[in-house]
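S.K.: how would this look folded up:
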Amino acid sequence: MSVLSNEWRNVTRKAPRVNSERLILALLVLLIGLLSVAPLMRLVWTAIAPSGVPDIARLTRLLASDRVLIASGNTLLIALSSTLISVVLGTAAAWLVALSDLRAKTAWVFAFILPLMIPPQVTALAWLQALAPSSPLALLFATLELPWFAPGEQPLYTLTGIVLLLGTHNAPLVFLTVRAGLRRLPADLVEAAQASGASRARILFTIVLPLARPAIFAGAALTFVAAAGNFGIQAMLGIPARVPTLITLVYQQLNGIGASALPNTAVYALLIAVITLAGMAASAWLGGRHDVRVNGAPRLWQQSLGRGRMAVEGVAWLWMALTLLLPLSALLITALTSGFGQALSWQTLTLENFRAALWGYPAVRQAFLTSLGLTTLAALILTVCALFLAYFLSWRRTQLVRGLWLASELTYALPGIVTGVAAMLFFLRPLPIVNVSLYGTVWIILAAYLANFLALVLRPTLAGFAQLEPALDEAARLCGAGFLRRMRDILLPLAAPSALAGSVLVFLTALNEIQVSVLLVTSQTQTIGPTIVFLDEGGSASLAAAVGCLMIVVVCLLMAVATRLTRRLPHGILPWQA
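M.R.: A predicted model of the protein is given here:
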């Protein structure tokens, strides 16, 4: 018996052990390759060679058609114009928060960031209610005789309306990047300029803004991409206004023609991707033309508002009331009345729309449960993937790992509708071996979520790993601990808070998103994001408003929970922290 046991020990010693570190890396390569890289490659190939052979003549005819040229021109005009508005508003807000003695900054930052957390289709619906022809604000615009406003018509159903709404909605993106840049402003330069007698305006235009140039253009790049790929606002305003854009062209082609429109849709999606990537490249080039690095550790500098502080604070909070409270109150009034356009009174007040949204319409309830399940599953899977990928990026950064990181960032940077089209093309055919198609199921939506939101949870997780000491991992390695043991006992507990913040951001974003899933949902696999658009298109504006109000409540509750859970983390992990 002892002889047999000794022989068994010898066999087990000679058996090769599975390298868990390489196995995890291989699984990450497989996941990101199948969900991010392969669908995008399929998108490019379908656009160029729909029949299997490159057809440049067809591609040229399609790109030169009047429909595509008009939609492309509108997309560029809307993205550029709204980006300019966002840059002005976001930079002013960042200066106010980072460099002035504004009071109640935390509350103001939360209110300024909140519209970014609210789904764009809810924002569009809220402003449509606020600017309805019979609303007080529309009557005020008619009295002022604004050039872009026609009395008795919805002012947002114009190209100008789309630009203004996108510009205000995306301003927090610029605010976040510029605020981070202004916090690194060297106080010594400003104090030296003040000692030399420089005025506030001269300091602003010769020191503050030039040093903030990279942050401003980084915010502009984010805003350009967000504006070009914002389906909720472009669809709810652009389709009724007959202002075609590339993103609405994709939606209308697939809805009207079906799967046979996929080759043309691939071209439109690829064109959206090219426009957004070109905008990001141009912004990076403009932002990096001058070296703005400074020596020494930056020291926070703040400028006193002096006697004008009360006036500045009044304007700041008035802006919050106009851009946040006004549309949300109009949305709530619509949800509390039985018919669109009714004035709220004791006679018209009803909770029927909320009852219908919660219990009366099984389709709405099922859409919310589907979104909740998909979002929870995506957040869990992405958190685990981000923890392991952050480890490789922090301490094992090979060319392969860099490629995985770039693939996740590229998929996140592209508009969600591009990811949706790519997923549809890739998963339309049955999968090899199992011979099962994911198209028309919830699993294709999950696959698109995993591809699109990995970078969102990876960024705060990388920030958490940056605070860890590599010596901890090396000490555990010297003691004989394997890779999975080191991750489980040492690294994961320390990096978990940052990963949790990232998972909360994924949950907030994916629960109400519409860009990714609007092309992938079916009558049996609805999600809550596109449901509002479908309800509004179907004439159920009051019910859509009730669903929108409930979504806003969920967003606020999740933001409050996230703030409480990540209170001990460094500022900047959550975007709405002051």
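
S.K.: residues making contact with stretch 545-564?
M.R.: 110, 114, 117-119, 121-122, 125-126, 129, 328, 331-332, 334-335, 353-354, 356-358, 364, 501, 504-505, 507-508, 511-512, 528, 531-532, 535, 574, 576-577 (C-beta atoms under 8 Å, 6 or more residues apart in numbering). C-beta coordinates here come from the backbone N, C-alpha and C atoms, glycine included.

S.K.: T223: what's it in contact with?
M.R.: S82, T83, S86, V87, G90, N170, A171, L173, V174.

S.K.: Filter the contacts of stretch 545-564 down to the buried ones and express that as a PyMOL selection.
M.R.: In PyMOL syntax, the buried subset of the contacts of stretch 545-564 is picked out as below (16 or more other C-beta atoms under 10 Å):
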select buried, resi 110+114+117+118+119+121+122+125+126+129+328+331+332+334+335+353+354+356+357+364+501+504+505+507+508+511+512+528+531+532+535+574+576+577
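
S.K.: Let me know the pLDDT of L4.
M.R.: pLDDT recorded at L4 is 46.

S.K.: Ok, A390 next?
M.R.: 88.

S.K.: next one: L344
M.R.: Looking at L344, the pLDDT reads 69.

S.K.: what does S304 give?
M.R.: Predicted confidence (pLDDT) for S304: 73.

S.K.: show me the contacts for it.
M.R.: S100, D101.

S.K.: do you know how far it is from V315?
M.R.: 17 Å (C-beta to C-beta, to the nearest Å).

S.K.: got it, and L382?
M.R.: Taking C-beta to C-beta, one finds L382 at 40 Å from V315.

S.K.: residues touching the spatially most central residue of the chain, list them.
M.R.: Closest to where the C-alpha atoms of the chain average out (C-alpha atoms, centre = their mean) is T509, at 6.4 Å. For T509, the contacting residues are F453, L456, by C-beta under 8 Å, 6+ apart.

S.K.: now do 10 Å
M.R.: Shown in contact with T509 (C-beta atoms under 10 Å, 6 or more residues apart in numbering): M117, P119, T375, A378, A379, G416, Y449, N452, F453, L456, V457, V516.

S.K.: what about the helix or strand hosting it, distance to the chain center?
M.R.: Element membership for T509, per DSSP states H and E: helix 492-511. The chain centre lies 15 Å from the centre of helix 492-511; the measure is C-alpha atoms, centre = their mean, to the nearest Å.

S.K.: so what does the next helix or strand along the chain from that helix touch, helix or strand wise?
M.R.: Sequence-wise, the next helix or strand downstream of helix 492-511 (DSSP H and E) is helix 528-537. For helix 528-537, the packing partners by 3 or more C-beta pairs under 10 Å, 6 or more residues apart in numbering; DSSP states H and E come out as helix 120-130, helix 231-233, helix 239-241, helix 362-395, helix 492-511, helix 541-565.

S.K.: so can I have TSV of those helices showing distance to A192?
M.R.: Output for these, formatted as TSV (distance: least, C-beta to C-beta, whole Å):
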stretch	distance to A192
helix 120-130	44
helix 231-233	45
helix 239-241	52
helix 362-395	38
helix 492-511	37
helix 541-565	38
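
S.K.: do you know which of these lies nearest I275?
M.R.: The minimum distance between I275 and those falls on helix 231-233, with 14.8 Å, by C-beta to C-beta.

S.K.: Against which helices or strands is that closest one packed?
M.R.: Going by 3+ C-beta pairs under 10 Å, 6+ apart, helix 231-233 lies up against helix 120-130, helix 159-169, helix 246-256, helix 416-427, helix 528-537.

S.K.: repeat that with 8 Å
M.R.: helix 120-130, helix 159-169, helix 246-256 (3 or more C-beta pairs under 8 Å, 6 or more residues apart in numbering; DSSP states H and E).

S.K.: and the closest residue to Q524 other than its chain neighbours, what is it in contact with?
M.R.: Distances taken as C-beta to C-beta, 6 or more residues apart in numbering place G440 nearest to Q524, at 7.5 Å, with adjacent residues excluded. By C-beta under 8 Å, 6+ apart, the contact set of G440 is T522, Q524, T525.

S.K.: Most neighbours of all those residues, which one?
M.R.: Counting neighbours by other C-beta atoms under 10 Å, the top entry in these is T525, with 18 neighbours.

S.K.: What values do phi and psi take at it?
M.R.: Main-chain dihedrals, T525, degrees, to the nearest 10: phi -130, psi 60.

S.K.: what's the nearest residue to it if we skip its chain neighbours?
M.R.: V442 (5.0 Å).

S.K.: try L508
M.R.: Nearest to L508 is L558, by C-beta to C-beta, 6+ apart, at 5.4 Å.

S.K.: ok, of the contacts of G440, which one's closest to V208?
M.R.: Nearest to V208 out of the contacts of G440 is T525 (C-beta to C-beta; 50.0 Å).

S.K.: do you know which of the helices and strands packed on helix 528-537 lies nearest T158?
M.R.: Nearest to T158, of all the helices and strands packed on helix 528-537, is helix 239-241, at 5.8 Å by C-beta to C-beta.

S.K.: Much appreciated, bye for now.
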